[in-house]
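K.L.:
Output the structure for:
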Amino acid sequence: MTLNEYLKSAKFQAVQDEALRDAALRAAENILREHVAVKRHQLHAIPSIIQGAGLLGLREMAQKQKEKNSNSKNKAFWSAIDDLLSATSVSEVSLYRFLQTLLLEGRFVEPEETSADKNTQKQIRRRNKVIIEGVMDDILDVYFEHFNCHYFFKIQQGGSQ
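P.N.:
Take a look at the predicted model:
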């Protein structure tokens, strides 16, 4: 099965409905646990940015919000969002890491450890990143729909924002 066939399959639809939802919920809870909740309007822009500019646009927005915002809660929130999308993230709730694991299990990306050569590992990492980010761009709207819904739900439980 090719990657495109997999992404259109019922199996991947189930991943989006269950595993991706669970990953998004864990990410929202992790951000809320580590940082004070931000006001709702910080999240309202995410869906339109994703629809208009995809992964690149969301990354740019996160970077701009981190740099310009003087509110420490907002800076921390956007830093956490940026970390969810980063290939260098070590976060246990990183969307990038979630997709990397999923695609490794499906053998759509290659383990870097298949080569002892550092240059070859770097080439594998680059190829994998292109594939992972392509899939991430495709599922970003679903992921953040789950994320935003859960985030809103959790802040409602703790009082209105």
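K.L.:
For the spatially most central residue of the chain, give its distance to A10.
P.N.:
Centroid-nearest residue in the chain: L95, 3.3 Å away (criterion: Cα atoms, centre = their mean). With distances taken as Cβ to Cβ, to the nearest Å, L95 is found 22 Å from A10. (C-beta placed from N, C-alpha, C; glycine too.)
K.L.:
The residue nearest to the centre of the chain is in contact with A23, isn't it?
P.N.:
Yes. Assessed by Cβ atoms under 8 Å, L95 is found in contact with A23 at 6.7 Å.
K.L.:
Of all the helix elements in the chain, which one is longest?
P.N.:
Ranked by number of residues, the top helix in the chain under DSSP state H is helix 118-157.
K.L.:
in that helix, what's buried?
P.N.:
By neighbour count on 16 or more other Cβ atoms under 10 Å, the buried set for helix 118-157 is 121, 124, 128, 131-133, 135-136, 139-140, 142-148, 150-152, 154-155.
K.L.:
now stretch 123-130, how far from the centre of its chain.
P.N.:
How far stretch 123-130 lies from its chain's middle: 18 Å, per Cα atoms, centre = their mean, to the nearest Å.
K.L.:
Also stretch 134-145?
P.N.:
Per Cα atoms, centre = their mean, the centroid offset for stretch 134-145 relative to its chain is 7 Å.
K.L.:
What of stretch 147-155?
P.N.:
Stretch 147-155 sits 15 Å away from the centroid of its parent chain (Cα atoms, centre = their mean).
K.L.:
what's the average pLDDT for that stretch?
P.N.:
Here stretch 147-155 scores 94 as its mean pLDDT.
K.L.:
which outside residues touch that stretch?
P.N.:
24-25, 27-29, 31-32, 37, 40, 43, 46-47, 161 (Cβ atoms under 8 Å, 6 or more residues apart in numbering).
K.L.:
Turn those residues into JSON lines, columns for neighbour count, distance to Q65 and secondary structure.
P.N.:
As requested, these are arranged in JSON lines below (neighbours: other Cβ atoms under 10 Å; distance: Cβ to Cβ, whole Å; DSSP: H, G, I helix; E, B strand; the rest coil):
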{"residue": "A24", "neighbour count": "24", "distance to Q65": "19", "secondary structure": "helix"}
{"residue": "L25", "neighbour count": "18", "distance to Q65": "22", "secondary structure": "helix"}
{"residue": "A27", "neighbour count": "26", "distance to Q65": "17", "secondary structure": "helix"}
{"residue": "A28", "neighbour count": "25", "distance to Q65": "17", "secondary structure": "helix"}
{"residue": "E29", "neighbour count": "14", "distance to Q65": "21", "secondary structure": "helix"}
{"residue": "I31", "neighbour count": "23", "distance to Q65": "14", "secondary structure": "helix"}
{"residue": "L32", "neighbour count": "19", "distance to Q65": "17", "secondary structure": "helix"}
{"residue": "A37", "neighbour count": "17", "distance to Q65": "16", "secondary structure": "coil"}
{"residue": "R40", "neighbour count": "14", "distance to Q65": "15", "secondary structure": "coil"}
{"residue": "L43", "neighbour count": "20", "distance to Q65": "11", "secondary structure": "helix"}
{"residue": "I46", "neighbour count": "20", "distance to Q65": "11", "secondary structure": "helix"}
{"residue": "P47", "neighbour count": "15", "distance to Q65": "15", "secondary structure": "helix"}
{"residue": "Q161", "neighbour count": "15", "distance to Q65": "17", "secondary structure": "coil"}
